[in-house]
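Novice: Task: produce atomic coordinates for the following.
(one chain, ligands or ions: 2)
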Amino acid sequence: MFSKRPLCIAHRGASEVAAENSLKSFQLALEMGADGIELDVHPTKDKKLVVLHDALVDSVTGGSGFVSDYTLSEIKKLDIDAGEKIPTLDEVFRLVGDRGMIDVEIKEMDMAELVVREIEKHNMIHNVIVTSFYDGEIQRVKELNPNIKTGLLLWYIPDDLIIRAKKAKTNYILPNIEDFTEELYHKVKESGMDMIVWTVNKEEDMRKLIRLGVLGVITDKPEIFIRVRDLMMYI
Ligand code: G3P
Ligand code: CA
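Specialist: Ligands and ions are numbered 1, 2, ... in the order given. Here you go, the predicted structure:
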């Protein structure tokens, strides 16, 4: 029996059965029973927040070029999959509401203020976390609104991790599963933070993280994670 039930966070929504980062993928993830969704945001030329992974529109649309060269109305003319459009963060907040948590990954510098204002506008402070590989962005989020939970994403484990995390006043550390160790987990916990691990798709990794009681797991396979977790929690 495990004391903590790690959150199932669907990476880019239910991205294996619908276009990644689409409203459909987020809706399906919630229907599958995910506790939350992960998504990526970029600003348009007219400073609206849109949800897609790359800074370029090329990989998910027939268009080309940087998101930041398009206005929102121009972006909305592009199709992503089966008639879906690139969603705005506003649309995702309206869709999800209080049905789940949302991990908003800031993908570029100087976006913190736009993201914080959007969260505040929707009263989503208590079911959103803001994550980024950019320390400065999550630090800025905390400065703008200390009540918003933040997480520092890691490509590798830096020697000065705890110093960096404290400076940014982050709540969570998000290592890649390839870098995850139990030692790292305990170090993070002892430093007063919690951990969310990405992108966890193998059942053996899921079991290890559930056993330890990490706060959350970002996965491309939410249904598998839920099955594994529920089996372990009720043994
Ligand atoms: O949230 C972690 C993960 O999403 C970061 O990698 O490239 O999928 O945005 P990426
Ligand atoms: Ca991401």
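Novice: For the closest residue to ligand 2 within the chain, give me phi and psi.
Specialist: Going by CB to the ion, ligand 2 is nearest to E105 of the chain, at 4.1 Å. The way it works is simple: take the backbone N, C-alpha and C, and place the C-beta from them, glycine included. Torsion angles at E105 (phi, psi; degrees, to the nearest 10) stand at phi -90, psi 120.
Novice: And the one 4 residues further on, by the same measure?
Specialist: The phi/psi pair for M109 (degrees, to the nearest 10) reads phi -70, psi 160.
Novice: Apart from its chain neighbours, what residue comes closest to it?
Specialist: Nearest residue to M109, sequence neighbours excluded (CB to CB, 6 or more residues apart in numbering): Y134, at 6.0 Å.
Novice: so the one you found sits right up against I106, yeah?
Specialist: Yes - using CB atoms under 8 Å, Y134 makes contact with I106 at a distance of 6.7 Å.
Novice: Adjacent strands (with direction) for the longest strand that the chain contains?
Specialist: As assigned by DSSP state E, the longest strand anywhere in the chain is strand 36-43. Looking at strand 36-43 with DSSP bridges, its partner strands are strand 7-11 (parallel), strand 49-51 (antiparallel), strand 101-106 (parallel).
Novice: can it be found next to ligand 1?
Specialist: Yes - residues of strand 36-43 contacting ligand 1 under CB under 6 Å from any ligand atom: E38, D40.
Novice: hmm, back to that, who has more neighbours out of Y134 and I106?
Specialist: Each of Y134 and I106 has its neighbours counted (other CB atoms under 10 Å); I106 has more, 27 against 19.
Novice: now the strands: where do they sit in this protein?
Specialist: Along the chain, counting by DSSP E, strands occupy 7-11, 36-43, 49-51, 101-106, 128-132, 149-153, 172-174, 194-197, 216-219.
Novice: and the fifth one, what does it pack onto?
Specialist: Right, strand 128-132. Under the contact definition 3 or more CB pairs under 8 Å, 6 or more residues apart in numbering; DSSP states H and E, strand 128-132 sits against strand 101-106, helix 112-121, helix 135-144, strand 149-153, strand 172-174.
Novice: do that again at 10 Å, thanks
Specialist: strand 36-43, helix 89-96, strand 101-106, helix 112-121, helix 135-144, strand 149-153, strand 172-174 (3 or more CB pairs under 10 Å, 6 or more residues apart in numbering; DSSP states H and E).
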